[in-house]
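Trainee: I'll drop the sequence and a predicted model, then ask my questions.
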Amino acid sequence: MISERLKAVILRELDLDDFEIRNETTADTIPGWDSLRHAQIIGAVESEFGIRFSTLEVLRLKNIGELQALIDRQK
Amino acid sequence: MEAAQPVAARLREAGVRAGEVCALIIRHDPRFYPVYLAVSSLGAIPAVLAYPNKRLHPDRFRAGLEGMARVSGLDWVLTERDLQDTLAPLLRREGSTIRDILFPFEETEQTKAFAEIPSRSAAPTDACLLQHSSGTTGLQKAVVLSQRAVLEHTRRYGEVLQLTSDDKVASWLPLYHDMGLIAAFYLPLVSGVPLVQLDPFEWVSAPMLLLDAISKERATLCWLPNFAYNLMADRARDEDLTGIDLKGLRMLINCSEPVRAESHDRFARRFASYGLKPEALTACYAMAEATFAVTQTPPGRAARVAHISRDFIAVARAEPIEAHLNARACVSSGRPIPGCEVRVLGEDGDPRPDGNIGEIAIRSVSLFDGYRNQPEKTAEVMRDGWYLTGDYGFVDNGEVFVVGRKKDIIVVAGKNLYPEDIEDAVGQVPGVAAGRIVAFSIEDDRSGTEQVCVVAETGVEDDAGKKRVRRAVIEAAMGIDITVARVYLAPLRWLIKSSAGKPSRRANRDRALAELDCGARRAQ
């Protein structure tokens, strides 16, 4: 389940009014989330939640559900 | 070469012969290199193409490949099993030049015990490789480079860089791009310089991987497009940089998109305390048509910056002015490398004296042999043995400065995009007036590269409807793997037409930026 807080960060960074984001949603299906924006969005998520991901953790992410799980583990 | 032998045997068994074109569509993998060398050793012509990312619609990917097949006559596709279903329809098409799809990573029982393939020498004029330009709608061109062009270039460029046995290249560059293929594959291969190659997708997700590789592997050389300097400077956190040592880095070479002085400054400031030498920040002007580098700033000296008036286009003269006035900082791309000559041409096609801005033309021992099977497109860019680059620039004290572009091409993160492709994709969106779209780029200082903008005429007037159209425009571009940063919606009959009756990209760009709202809630 994707939290409203995570969804809000993603929508804000991509300048989207709304977009349905579920556990299985992958970055390439979200308008504007391309490889160039990836590092920026991950950085914004880290700032929002006051956490830090390691390089390996970032590289292993397959979908938004895994990003949410990573946040939940670190909080 | 030893690892290439069994692959070559398998390819020959499959029917691959000298002179045939082999498209290589393979992800980052150490096994790619023996496959490439196997193709070369048979005298076939390798053409590295981008592996499609998930965003690119399979129909679009196939259409692009079919376009390339028509242009360059692809004979074979060498790829991974994952693409089999996507590519299979290509073989069934009537008139397809593609004879088969091969999976070179897969061994067969017969080829485990193969007879050695006798070594084969190539003639200097034989085609060495094909470099395909991007584009999806009949815009592709395949640059043909001869064996001589590639060898002459790597030798001469290696001398300019003063390569020694102590050098090592670190790279994340994709090999379907001339910068990756020549600077981070052929140059190390021919010069005997070790190469550390990262996965481009992993690097862009975790940019610090490159600094880690440079530091741990003691790499001395690295080529990067301009956006990479911003990305690494902005994303580096102190805790990621523990133990990073960039003292050994001799040259970072900025290439493939406009070099921005601000990006160099930002990078130098961020990494100075990690041993980065300011003189390591060099630049190069390169293009596939010249094999790769045309100019290079010398080792041991930071690329020079000249300040010229922003009104340069109006006066077509690069008058040096004080940095604090209405100045634009231009970074030198250095002097022509041996075997290359550069001229700056005026509107009349005649050479202009130093300090004047005009179109850059080049002549080189490593110039391409033309666009394969497209003599008319080759003729458009060649004049009396000089290649017309379509870039604007000037020469000052023997150094070339590139300041703009004559053609409408968009360069995002080192990748060339054609406005026509974006306009075609957006033209399919319901609510957008057919043929009433222009795509252009704007500079984005934050990312150090360009952003794609689209202006589209629509009859939709309500806010909710406009929101839907904007979103659909962005999604249509996603289908061809292009991110549109801004969508400007204009009322019908708003776009300015050129004398040819088509919407003018330049005029509409200026008007849209001045008059229209792109619907973004904050500045990009």
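Mentor: All right, it came through fine.

Trainee: only C-alpha atoms for contact and neighbour calcs from this point on.
Mentor: Will do.

Trainee: figure out how far stretch B:261-275 is from the centre of its chain.
Mentor: Centroid separation for stretch B:261-275 versus its chain: 24 Å, with Cα atoms, centre = their mean, to the nearest Å.

Trainee: quick one: mean pLDDT over that stretch.
Mentor: Here stretch B:261-275 scores 97 as its mean pLDDT.

Trainee: contacts for that stretch next, please.
Mentor: The list of residues contacting stretch B:261-275 from outside it, by Cα atoms under 8 Å, 6 or more residues apart in numbering or on different chains, reads B:226-227, B:229-230, B:232-233, B:244-247, B:276-278, B:281, B:305, B:329-331, B:448.

Trainee: filter those down to the ones in helices?
Mentor: Under the assignment DSSP state H, the contacts of stretch B:261-275 contribute B:226-227, B:229-230, B:232-233 to helices.

Trainee: got the residues you listed as a markdown table, with pLDDT and distance to chain A columns?
Mentor: Shown next, in a markdown table, are the ones in helices among the contacts of stretch B:261-275 (pLDDT from 0 to 100; distance: Cα to the nearest Cα, whole Å):
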| residue | pLDDT | distance to chain A |
| --- | --- | --- |
| B:Asn226 | 96 | 13 |
| B:Phe227 | 95 | 9 |
| B:Tyr229 | 97 | 13 |
| B:Asn230 | 94 | 11 |
| B:Met232 | 95 | 10 |
| B:Ala233 | 95 | 12 |
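
Trainee: columns neighbour count on top of the residues you listed, output as TSV?
Mentor: TSV is the format used below for those (neighbours: other Cα atoms under 10 Å in any protein chain shown):
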residue	neighbour count
B:Asn226	26
B:Phe227	25
B:Tyr229	23
B:Asn230	22
B:Met232	22
B:Ala233	20
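
Trainee: closest to B:Glu319 among the residues you listed?
Mentor: Using Cα to Cα, B:Asn226 comes nearest to B:Glu319 of the ones in helices among the contacts of stretch B:261-275, at 25.1 Å.

Trainee: now do the closest one against B:Val484, distance only.
Mentor: 20 Å (Cα to Cα, to the nearest Å).

Trainee: backbone phi and psi for the closest residue to B:Ser205 other than its chain neighbours, please?
Mentor: Nearest residue to B:Ser205 in three dimensions, chain neighbours excluded: A:Ala39, at 5.6 Å (Cα to Cα, 6 or more residues apart in numbering or on different chains). Backbone torsions for A:Ala39, taken as degrees, to the nearest 10, come to phi -60, psi -40.

Trainee: could you check how many residues crowd around A:Ala39?
Mentor: Using other Cα atoms under 10 Å in any protein chain shown, A:Ala39 has 21 neighbouring residues.

Trainee: how far does the helix-or-strand element of chain A with minimal mean pLDDT sit from the chain's center?
Mentor: Least confident helix or strand of chain A, by mean pLDDT, DSSP states H and E, is helix A:55-60 with a mean of 89. Using Cα atoms, centre = their mean, the mean C-alpha position of helix A:55-60 is found 13 Å from that of the whole chain.

Trainee: just stretch B:133-151 next, same as before
Mentor: Distance, centroid of stretch B:133-151 to centroid of chain: 12 Å (Cα atoms, centre = their mean).

Trainee: just stretch B:70-81 next, same as before
Mentor: Chain-centre distance of stretch B:70-81: 20 Å, with Cα atoms, centre = their mean.

Trainee: now the residue of the stretch 251-400 of chain B found nearest chain A: closest residue in space, sequence neighbours ignored.
Mentor: For the stretch 251-400 of chain B and chain A, the shortest gap (Cα to the nearest Cα) falls at B:Glu257, measuring 15.1 Å. Nearest non-adjacent residue to B:Glu257, counting by Cα to Cα, 6+ apart: B:Gly414, 5.2 Å away.

Trainee: please apply the same query to B:Val484.
Mentor: B:Val484 sits nearest to B:Val452 (Cα to Cα, 6+ apart), 5.0 Å away.

Trainee: what's the local residue count around that neighbour?
Mentor: For B:Val452, the neighbour count with other Cα under 10 Å is 23.

Trainee: and what of the one 10 residues further on?
Mentor: Here the number of neighbours of B:Asp462 (other Cα under 10 Å) works out to 8.

Trainee: and chain A, which of its residues are near chain B?
Mentor: Residues of chain A found near chain B (Cα under 8 Å from any Cα of the partner chain) are A:15, A:28-29, A:31-32, A:34-36, A:38-40, A:43, A:55, A:58-59.

Trainee: state the pLDDT value of B:Gly138.
Mentor: In this prediction B:Gly138 is given a pLDDT of 65.

Trainee: next, the buried residues of the least confident helix or strand of chain A.
Mentor: For helix A:55-60, burial by neighbour count (16 or more other Cα atoms under 10 Å in any protein chain shown) applies to A:55, A:58.

Trainee: elements contacting it?
Mentor: With contacts taken as 3 or more Cα pairs under 8 Å, 6 or more residues apart in numbering or on different chains; DSSP states H and E, helix A:55-60 sits against helix B:200-205.

Trainee: how about the residue lying farthest from the centre of chain A, nearest residue that isn't a chain neighbour?
Mentor: Computed with Cα atoms, centre = their mean, the maximum C-alpha offset from the centroid of chain A is found at A:Asp17, amounting to 16.1 Å. Using Cα to Cα, 6+ apart and skipping the chain neighbours, the partner closest in space to A:Asp17 is A:Leu11 (6.7 Å).

Trainee: roughly how far apart are the residue nearest to B:Val484 and B:Arg509?
Mentor: Computed with Cα to Cα, the distance linking B:Val452 and B:Arg509 is 11 Å.

Trainee: residue contacts, the residue of the stretch 301-450 of chain B found nearest chain A?
Mentor: Per Cα to the nearest Cα, B:Ala413 is where the stretch 301-450 of chain B lies closest to chain A, at 8.1 Å. Going by Cα under 8 Å, 6+ apart, B:Ala413 touches B:225-228, B:257, B:449-450.

Trainee: pLDDT score for it?
Mentor: pLDDT, B:Ala413: 91.

Trainee: swap in A:Ile42?
Mentor: 93.

Trainee: can you give me the strands in the stretch 1-150 of chain B?
Mentor: B:21-25, B:45-48, B:76-79, B:100-102, B:127-132, B:142-146 (DSSP state E, counting those that start in this stretch).

Trainee: reformat the ones you listed into JSON lines and put mean neighbour count next to each item.
Mentor: Output for those, formatted as JSON lines (neighbours: other Cα under 10 Å):
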{"stretch": "strand B:21-25", "mean neighbour count": "24"}
{"stretch": "strand B:45-48", "mean neighbour count": "26"}
{"stretch": "strand B:76-79", "mean neighbour count": "23"}
{"stretch": "strand B:100-102", "mean neighbour count": "19"}
{"stretch": "strand B:127-132", "mean neighbour count": "24"}
{"stretch": "strand B:142-146", "mean neighbour count": "25"}
